[in-house]
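Engineer: Prediction below, plus the sequence it came from.
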Amino acid sequence: MEQKWWHDSVVYQIYPRSFNDSNGDGIGDLVGIIEKLDYLKLLGIDVIWLSPVYDSPNDDNGYDIRDYEAIMNEFGTMNDFDQLLDQAHARGIKIVMDLVVNHSSDEHAWFAESRKSKDNPYRDYYIWRAANDDGTLPNNWGSIFSGPAWELDEATNEHYLHLFSKKQPDLNWENEQLRHEIYAMITRWLDRGIDGFRMDVINLISKTPGLPDADVAPGALYGDGGQHYVNGPRIHEYLKEMNDASFGNYDVLTVGEMPGATTEDAILYTDPARDEVNMVFTFEHMDLDSGPGGKWDVLPFDLQKLKDNFTKWQVALHDKGWNSLYWNNHDQPRVVSRFGNDTTYRVESAKMLATLLHLLKGTPYIYQGEEIGMTNVAFETIEEYEDIEIRNMWKERMAQGANPEALLQAVHQKGRDNARTPIQWNAEQHGGFTTGTPWLKVNPNYREINVERALEDPNSIFYYYKKLIQLRHEHDLVVYGKYALLETANDIYAYSRTYEGETWYVYCSFAEEETTVEVAHDTTDIIIGNYATAPTNTDQEVVLRPYEAVVYRTE
């Protein structure tokens, strides 16, 4: 495998609105990020993935873009962005931006023209359809953000497609002129000096011709249109064309967010010989605790399912393609609350989960606050949540007679605002995030869980993440080693990594009591562990404490 700079890199995702507010308006901004670059340099990360900072009406917190080449006023100016880029690069940190081109804002200039008339030159930049002869919607697809995927625009008496919010009309990738306008925009950002793109729901851009009706699940209000737009018929053609026309001419990182992508899909998307993208974000491990009713139908955590899923991806992409590794992002709840123990064993389980992920093969992504063990938040009322997905779902489910207590509990567990509460920098008011009123309430536990406290404690989660990042930088085994699952007790996830005659054995306990594990290797050379002392062991057994992680090396 040809070695690339992003193979041994660690990426840190910043959600700007919630990161650091420099001017007291309650909203994080670019200058606020610049103020914290030395903190990120201390952590040791290589790349910042910056969630959207483009001009936006903020219907979906920046993922509804009004102008792809302007900065949102709340975040600052293009000069601030250039300063951020320069200051990050001066510290050896690269900047990857979000690329959101499945849809735009309905306030984008293209859509403003598109909706004026049926013969407008920009009409075909979006997906318009008349109602059916019987007056029903063009098809039965549901929006990912609840409700139908079609919105009537009275100016022309036709409907436009929106897989997400009705203020996020889908772009029509069948239009060649639109595609090349997008490629030109990408190239201008790359020429500005950025280091790549995280590509938002990029595998949804190709739709089945004719947009046929979709299957309707029992009890569902709408059809699941995903069968007609997830990994659609022209997706590989579009990605290859995009690569050839833009980022393929630069030494940059590209990661496609690809819900519904299988390992077979990922190999095609990430095979270097195909010139599409470097890596994909799979959703499979993020859906393991979702029941038949979807995201809000929350199932208990099942470690065996996680083992099976991670193993499938590690094995499938070992020889061809590349994995991305993540527990958290702006769309997912906090992993220590989701798969760990965010009370009694918060520190231990956060370190254990980090060990499990960061010693796998692939490029790890850390989401802001993960490195200090930030937890889910449980707001008391639905009115305290800001996320459009939560609000739309709540309105639809309440109209169907859902139990509000049960639904609020599901929001506490899986809602996107769990990730979006502001970073807890210190124990001062609002966690030191802002001197004003934060756009979203800070998690009340900021007095106990904050950056300042983590930096003062040499045994904190922060410094443990720093060690894991150093291991990736210093050992090719972590980057390129072969993965194998080890057979262990149900509550233990254990695997090995082997490279050039050396093997590391990684043991991670998900149990809340001591667990004995049989081993067939030497247990004297410990690479890293999340307890201050080594676990008790004999020649054939190791006794792991609650949520313990330990890594052994043999040659």
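Structural biologist: Thanks, I have it.
Engineer: pLDDT-wise, which helix or strand of this protein ranks last?
Structural biologist: Comparing every helix and strand of the chain by mean pLDDT, DSSP states H and E singles out strand 294-298 as the least confident one, with a mean of 89.
Engineer: mind listing what's buried in it?
Structural biologist: When neighbours are counted by 16 or more other Cβ atoms under 10 Å, the buried residues of strand 294-298 are found to be 295-296, 298. For every residue, glycine as well, the C-beta is placed using N, CA and C.
Engineer: Then stretch 269-281?
Structural biologist: Neighbour-count burial for stretch 269-281, with 16+ other Cβ under 10 Å as criterion, is recorded at 269-270, 274, 276-281.
Engineer: same thing with stretch 2-17?
Structural biologist: Residues of stretch 2-17 classed as buried under the neighbour-count rule (16+ other Cβ under 10 Å) are 6-17.
Engineer: got the contact list for residue 517?
Structural biologist: For residue 517, the contacting residues are 488-489, 492, 494, 507, 541-544, by Cβ atoms under 8 Å, 6 or more residues apart in numbering.
Engineer: tell me the least confident of these?
Structural biologist: In terms of pLDDT, residue 489 ranks lowest among the contacts of residue 517, with 79.
Engineer: show me the residues around that one that make contact.
Structural biologist: Contact partners of residue 489, counting by Cβ under 8 Å, 6+ apart, are 511, 515-517.
Engineer: Tell me the one among the residues you listed nearest to residue 169.
Structural biologist: Proximity of those to residue 169, judged by Cβ to Cβ, is greatest for residue 511, which lies at 48.7 Å.
Engineer: List the contacts of the closest residue to that closest one other than its chain neighbours.
Structural biologist: Take residue 511 and drop its neighbours on the chain: the residue closest to it by Cβ to Cβ, 6 or more residues apart in numbering is residue 491, 3.8 Å away. Contact analysis of residue 491 by Cβ under 8 Å, 6+ apart lists 303, 509-511, 515.
Engineer: Redo those residues as CSV? Include distance to residue 38, neighbour count and pLDDT.
Structural biologist: Conversion of the contacts of residue 491 to CSV gives the following (distance: Cβ to Cβ, whole Å; neighbours: other Cβ atoms under 10 Å; pLDDT from 0 to 100):
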residue, distance to residue 38, neighbour count, pLDDT
303, 38, 16, 97
509, 35, 28, 98
510, 35, 22, 98
511, 38, 16, 97
515, 40, 20, 96
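Engineer: wait, residue 288 sits on residue 309?
Structural biologist: Yes. Applying Cβ atoms under 8 Å as the test, residue 288 and residue 309 come out as touching, 6.6 Å apart.
Engineer: Name the single longest helix found in the protein.
Structural biologist: Counting by DSSP state H, the longest helix found in the chain is helix 176-192.
Engineer: Using CSV, write out the CA atom coordinates for that helix.
Structural biologist: These are the backbone C-alpha positions of helix 176-192, laid out as CSV (Å, rounded to 0.1, in the frame of the first residue of the first chain):
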residue,chain,number,x,y,z
GLU,A,176,-23.7,18.8,-16.0
GLN,A,177,-23.4,22.6,-15.7
LEU,A,178,-24.3,22.4,-12.0
ARG,A,179,-21.7,19.7,-11.5
HIS,A,180,-18.9,21.7,-13.0
GLU,A,181,-19.9,24.8,-11.1
ILE,A,182,-19.5,22.7,-7.9
TYR,A,183,-16.1,21.4,-9.1
ALA,A,184,-14.9,24.9,-9.8
MET,A,185,-16.0,26.0,-6.3
ILE,A,186,-14.1,23.1,-4.7
THR,A,187,-11.0,24.0,-6.7
ARG,A,188,-11.1,27.6,-5.5
TRP,A,189,-11.2,26.5,-1.9
LEU,A,190,-8.2,24.1,-2.5
ASP,A,191,-6.3,26.9,-4.1
ARG,A,192,-6.9,29.0,-1.0
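Engineer: now that helix: mean pLDDT?
Structural biologist: Regarding helix 176-192, the rounded mean pLDDT is 98.
Engineer: In terms of secondary structure, what does it contact?
Structural biologist: Under the contact definition 3 or more Cβ pairs under 8 Å, 6 or more residues apart in numbering; DSSP states H and E, helix 176-192 sits against strand 67-71, helix 235-245.
Engineer: Which pLDDT does the model give the spatially closest residue to residue 270 that is not a sequence neighbour?
Structural biologist: Leaving out its chain neighbours, the residue that sits closest to residue 270 by Cβ to Cβ, 6+ apart is residue 321, at 3.9 Å. Residue-level confidence at residue 321 comes out at 90, pLDDT.
Engineer: Spit out the contact partners of the closest residue to residue 377 other than its chain neighbours.
Structural biologist: Using Cβ to Cβ, 6+ apart and skipping residues adjacent in sequence, the residue nearest residue 377 is residue 443, 4.4 Å away. For residue 443, the contacting residues are 374-375, 377, 421, 424, 431, 449, taking Cβ under 8 Å, 6+ apart as the criterion.
Engineer: Let's see that with 7 Å instead.
Structural biologist: Taking Cβ atoms under 7 Å, 6 or more residues apart in numbering as the definition of contact, the neighbours of residue 443 are 374-375, 377, 421, 424.
Engineer: now, which of those residues sits nearest residue 503?
Structural biologist: residue 374 (33.8 Å).
Engineer: Please give me every residue in contact with the residue nearest the centre of the chain.
Structural biologist: Most central in the chain under Cα atoms, centre = their mean is residue 329, positioned 3.7 Å from the mean C-alpha point. Contact analysis of residue 329 by Cβ under 7 Å, 6+ apart lists 13, 365, 367, 419.
Engineer: Over to residue 330?
Structural biologist: Under the criterion of Cβ under 7 Å, 6+ apart, the neighbours of residue 330 are 15, 51, 416, 419-420.
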